[in-house]
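In: got a structure for you, letters missing:
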């Protein structure tokens, strides 16, 4: 898999990946993007504006995984102060999505994000997942992310997770 910075031409494919994961969540009985009006919250204009923050992974020229990397995140701020158990320079991961027919692509992207972050002098990775999504809880725990708080964003109720790298 080749990891690269996303381009505007990747927006349609990233949105297709999200829709395929929403469909997959519905089939599996999982609760995350499929119950939070995801494309209402993140319309096409969002993806077009944010695409410069995305990394994508390609297999034989087809984007099979994507993730957004942000330098800050309002979900992690309370009263102007960042929450979390660990201190340091952090990057915030959002919209990790992979093609369900490419098992392991999400994990491979997370490994690449860790290496990229370390090279940039970042020592913390932070993300969130829906409260009660035990599949994602196990997935992120296995990758070394520890829960350290809660967040709320419209219909979404999440668990804040962080990992020191």
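Out: Received it, and whenever you're ready, just let me know what you need. Keep in mind that what you see is a predicted model, and the values were worked out from it rather than measured. Numbering: from 1, shown residues only.
In: May I see the buried residues of the longest helix anywhere in the chain?
Out: Taking DSSP state H as the criterion, the chain has its longest helix at helix 11-28. Judged by neighbour count using 16 or more other CB atoms under 10 Å, the buried positions of helix 11-28 are 11, 13-15, 17-18, 21-22, 25. Where C-beta positions appear, they are placed from N, C-alpha and C, glycine not excepted.
In: Would you mind identifying the next helix or strand past the helix-or-strand element of the chain with minimal mean pLDDT?
Out: Least confident element among the helices and strands of the chain, by mean pLDDT, DSSP states H and E: strand 81-82 (a mean of 62). Downstream of strand 81-82, the first helix or strand assigned by DSSP states H and E is strand 90-98.
In: contacts for the longest helix of the chain?
Out: By CB atoms under 8 Å, 6 or more residues apart in numbering, the residues outside helix 11-28 that reach it are 6, 30-34, 38-39, 44, 47-48, 51, 54, 56, 62-66, 95, 97-100, 135.
In: After it, which helix or strand is next?
Out: Next in sequence after helix 11-28, counting helices and strands by DSSP H and E, comes helix 38-41.
In: how far out from the middle of the chain is that following helix?
Out: With CA atoms, centre = their mean, to the nearest Å as the basis, helix 38-41 stands 15 Å off its chain's centre.
In: Point out where the chain drops to low pLDDT.
Out: Along the chain, segments meeting pLDDT under 70 span 78-86.
In: Tell me the spacing between residue 105 and residue 29.
Out: For residue 105, the distance to residue 29 equals 22 Å [CB to CB, to the nearest Å].
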